[in-house]
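Trainee: build me a model from this:
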Amino acid sequence: MHGLLVMYRKELEDHFSSTRFILLLTVILMVSLVTTYMVGTGLRKELEGFAKPSLVFLLLFTSTGALFSLVQFIAFFGPLIGMILGFDAISRERSSRTLSKLLSQPIYRDAVINGKFLAGLTIIGLMQLAIVLLISGMGLWVLGVVPGWEEVGRLLVYLVVSIVYIGFWLAVSILFSILFRGMATSALAALALWIFLAFFMALGSSLAADVISPIPPGQSSDPSAIIRHERTREVVSSFSPITLYSQATATILDPTRNTTRSLILMGPMERLSLSRFQNPLPLGQSALIVMPHLVSLMAITILCFAICYACFMRQEIRST
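Mentor: Predicted coordinates for the structure are as follows:
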């Protein structure tokens, strides 16, 4: 435990004193500030002369400004935070030949890898907390609305989901840092995985649905064929953590959503009972809806870090 605390403090000091961390935090806070101000100004103009609806504070996070909302920004660019923090976690120690000197001290191998990962998670949590607090303060100033306990609870769940999501990319970047000795190679490998999941996974899921569950010609209005095609596409796209995160955060920050599915076919009875779902869902119900997504994100993060741990413990470390 002593070695773990030493490594944890060392990594935190390295992160806080690095120019890379300062630049990254500055860019993220600046983008969040500009996006929130634009969204808040637009909401204030739209609500002039009207009674402010309930849960309007959450619109600061979900409403699209000139380009994107904050949720979309974190879903798309959040992986870069994890990759920047971890792509040289082990390869930097190798290139500077400090890894063998570090292990020659009374510090075990598992303390090294655990300390680096926990320090990275702490930095990610502090960044996400700073973003949420900055947007909340901007919302108080621009909208003049105080968030209720329901909104605070949803923001806390969103904060946890975001930390787990970016933590997955931190574990991926550390894994590539262990597998590849060059820092540039490690960064390119993590970047390639991010590009594939962000840009090509949606296309691949559509192609897979066309092959596995095609809609026959002339049956484009057949509900059963459409459901099979859409379910296949959603199953394939759920292999991407970006999709899991986007669906989870969109549901938890939008109380009017009662499902994470993009396509819902309703019969006569469902339409008759639609009025039951007009009111916002309570936080507990929304949390139950997104629980499978959160468990999936936590599972792949733990699995990826377990692979990192096993690979690092089995690698040979030379003093030369």
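
Trainee: can we go C-alpha only for contacts and neighbour counts from here?
Mentor: Will do.

Trainee: for stretch 133-152, C-alpha coordinates in CSV please.
Mentor: C-alpha atoms of stretch 133-152 as CSV (Å, rounded to 0.1, in the frame of the first residue of the first chain):
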residue,chain,number,x,y,z
LEU,A,133,-19.3,23.3,-12.0
LEU,A,134,-18.3,25.8,-14.6
ILE,A,135,-21.4,25.2,-16.7
SER,A,136,-23.6,25.2,-13.6
GLY,A,137,-22.1,28.6,-12.5
MET,A,138,-22.6,30.0,-16.0
GLY,A,139,-26.2,28.7,-16.0
LEU,A,140,-26.9,30.4,-12.7
TRP,A,141,-25.6,33.7,-14.2
VAL,A,142,-27.2,33.5,-17.7
LEU,A,143,-30.5,31.8,-16.9
GLY,A,144,-31.0,32.8,-13.3
VAL,A,145,-32.3,29.3,-12.5
VAL,A,146,-31.2,27.3,-9.5
PRO,A,147,-31.0,23.6,-10.1
GLY,A,148,-33.2,21.3,-8.0
TRP,A,149,-32.2,18.1,-6.3
GLU,A,150,-33.5,16.1,-9.2
GLU,A,151,-31.2,17.9,-11.6
VAL,A,152,-28.3,17.7,-9.2
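
Trainee: now do the buried residues in it.
Mentor: For stretch 133-152, burial by neighbour count (16 or more other C-alpha atoms under 10 Å) applies to 134-136, 138-139, 142-143, 147, 151.

Trainee: do the same with stretch 70-82
Mentor: Neighbour count says stretch 70-82 has 70-76, 78-82 buried, by 16+ other C-alpha under 10 Å.

Trainee: dump these to CSV, plus secondary structure and distance to Leu25.
Mentor: Shown next, in CSV, are the buried residues of stretch 70-82 (DSSP: H, G, I helix; E, B strand; the rest coil; distance: C-alpha to C-alpha, whole Å):
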residue, secondary structure, distance to Leu25
Leu70, helix, 15
Val71, helix, 17
Gln72, helix, 18
Phe73, helix, 14
Ile74, helix, 13
Ala75, helix, 17
Phe76, helix, 16
Gly78, helix, 12
Pro79, helix, 14
Leu80, helix, 12
Ile81, helix, 9
Gly82, helix, 12
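
Trainee: helices of the stretch 201-320 of the chain, start to end?
Mentor: When assigned using DSSP state H, counting those that start in this stretch, the helices of the stretch 201-320 of the chain occupy the ranges 201-212, 223-237, 241-252, 268-272, 283-314.

Trainee: in the last one, what's buried?
Mentor: When you say that, I think you mean helix 283-314. Those buried within helix 283-314 under the rule 16+ other C-alpha under 10 Å are 283, 286-287, 289-290, 293-294, 296-298, 300-302, 304-305, 308-309, 312.

Trainee: which one of the buried residues of stretch 70-82 is nearest Arg20?
Mentor: The shortest separation between Arg20 and any of those is 10.6 Å, and it belongs to Ile81 (by C-alpha to C-alpha).

Trainee: the nearest residue to Ile300 once chain neighbours are set aside: neighbouring residues, count only.
Mentor: When the adjacent residues along the chain are set aside, Ile300 lies closest to Phe168, with 7.0 Å between them (C-alpha to C-alpha, 6 or more residues apart in numbering). The number of residues packed near Phe168 is 26, by other C-alpha atoms under 10 Å.

Trainee: Tyr309 contacts Ala111, doesn't it?
Mentor: No - counting by C-alpha atoms under 8 Å, Ala111 is not a contact partner of Tyr309; they are 10.2 Å apart.
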